[in-house]
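**Student:** The sequence and its predicted three-dimensional model are supplied below.
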Number of protein chains: 2
Amino acid sequence: MGSTATTTVPTNAELMEALAAVGAAYFQDFAAAAARHGLSSSQAKALGAVQEPVPMRALAGRLGCDASNVTGIVDRLESLGLAHREAAAGDRRVKIVVITAEGREILNHIRGEMARTHQAFEAMTDEQRIALHSICGQVLPVLAGRTGTPQ
Amino acid sequence: MGSTATTTVPTNAELMEALAAVGAAYFQDFAAAAARHGLSSSQAKALGAVQEPVPMRALAGRLGCDASNVTGIVDRLESLGLAHREAAAGDRRVKIVVITAEGREILNHIRGEMARTHQAFEAMTDEQRIALHSICGQVLPVLAGRTGTPQ
DNA sequence: GGTCAAAGCTTGAGATGGTGAAGCACCTGG
DNA sequence: CCAGGTGCTTCACCATCTCAAGCTTTGACC
């Protein structure tokens, strides 16, 4: 295996299937690791999105869901002591979500315990890692619809 | 941007972040396309998992969720006319989910309308397509926990 | 044949995730 | 000051998910 001289270029359908399968498997590994710490995947995803303080509205944007939805998710993170709301200086409408030390700790545990994902990375050569990282970086802006705008 | 001759091998954390971002963006494209046809992402995912007839229990395995959950999802697919249940020959406990012609049609529409995903594929060279497909195929068995068992 | 454990599916309760509309507090421009 | 827009919350409503319990059927054992 390895340097198979296969020159057949996969079709879009084949790539879609492969990408979907890998994405789904990654997500299940993530959800399982989060569940071991009593978090749903949405909660864990939100926790990962607030490593730096983020206003509620911006968090909704990052998670790709409605702002009213974020209220409940942050409520639960707050009641678990993993994050808390702070008033924003300069605009009293805005509430900023800040991760707590315990939240950061659990987030690191979850990431460290994604065993299948780490196994998958171990199974890759340096060339493959570089290729995958490069492809992801190139494709992400297109896939996420951000053609240029930062933030 | 582009041909940076960076030979630095990405860390596991960097790969995880890249993979998560691409997976999330792909999923959002998928969910948006499904929503345009009145389907939730779970329903669309289930529809994709029954391209061949599948017993309820096996479908739960494919979707990675509880069997009781699949009952409701298939109920809705059935009420939309996109799939139906059939009795299994030989075991009257088993119900087999079969996609309808309309279901297959909608599934193809959804896949064809994932514009961002197709754009992302267009942006890749043949070498990149081959590399990505090869990496996915190699990594998937590890990531999905199936070390060898087929079927 | 009869009995019983196990398998496959459904149902119900309860919590979470998600949208949309309405409401309140606050900011901003006139 | 006032009008409109923005940010967050609340509410109603449905989909999703898990667990526990139930039903039918199967298969193995006596």
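**Tutor:** Arrived safely, thanks for sending. Numbering: from 1, shown residues only, chains lettered A, B, ... in the order given.

**Student:** where exactly do the strands run in chain A?
**Tutor:** Taking DSSP state E as the criterion, chain A carries its strands at A:54-55, A:83-87, A:95-99.

**Student:** Now mean neighbour count and distance to residue B:12 too, for those, in a markdown table please.
**Tutor:** Using the backbone N, CA and C atoms, a C-beta is placed for each residue, glycine as well. Putting the strands of chain A into a markdown table (neighbours: other Cβ atoms under 10 Å in any protein chain shown; distance: least, Cβ to Cβ, whole Å) gives the following:
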| stretch | mean neighbour count | distance to residue B:12 |
| --- | --- | --- |
| strand A:54-55 | 18 | 25 |
| strand A:83-87 | 16 | 25 |
| strand A:95-99 | 20 | 21 |
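
**Student:** Out of those strands, the one nearest residue B:119 is which?
**Tutor:** Each of the strands of chain A has some distance to residue B:119 by Cβ to Cβ; the shortest is strand A:54-55, at 28.0 Å.

**Student:** what about the closest one and DNA strand D, touching?
**Tutor:** Yes. If you take Cβ under 7 Å from any atom of the strand as the test, strand A:54-55 does meet DNA strand D, through residue A:55.

**Student:** Contacts for that strand, please.
**Tutor:** A:62, A:88, A:94-97 (Cβ atoms under 8 Å, 6 or more residues apart in numbering or on different chains).

**Student:** can you name the two of the residues you listed that are farthest apart?
**Tutor:** A:62 and A:88, at 16.8 Å, using Cβ to Cβ across the contacts of strand A:54-55.

**Student:** buried residues in stretch A:10-27?
**Tutor:** Burial within stretch A:10-27, assessed by neighbour count using 16 or more other Cβ atoms under 10 Å in any protein chain shown, is assigned to A:10, A:12, A:15-27.

**Student:** where's it relative to the chain centroid, distance-wise?
**Tutor:** Its chain's average C-alpha position is 17 Å from that of stretch A:10-27, according to Cα atoms, centre = their mean, to the nearest Å.

**Student:** try stretch A:35-55
**Tutor:** Its chain's C-alpha centre and that of stretch A:35-55 lie 9 Å apart, by Cα atoms, centre = their mean.

**Student:** Say whether DNA strand C is contacted by that stretch.
**Tutor:** Yes. Under the criterion of Cβ under 7 Å from any atom of the strand, stretch A:35-55 makes contact with DNA strand C via A:40-43.
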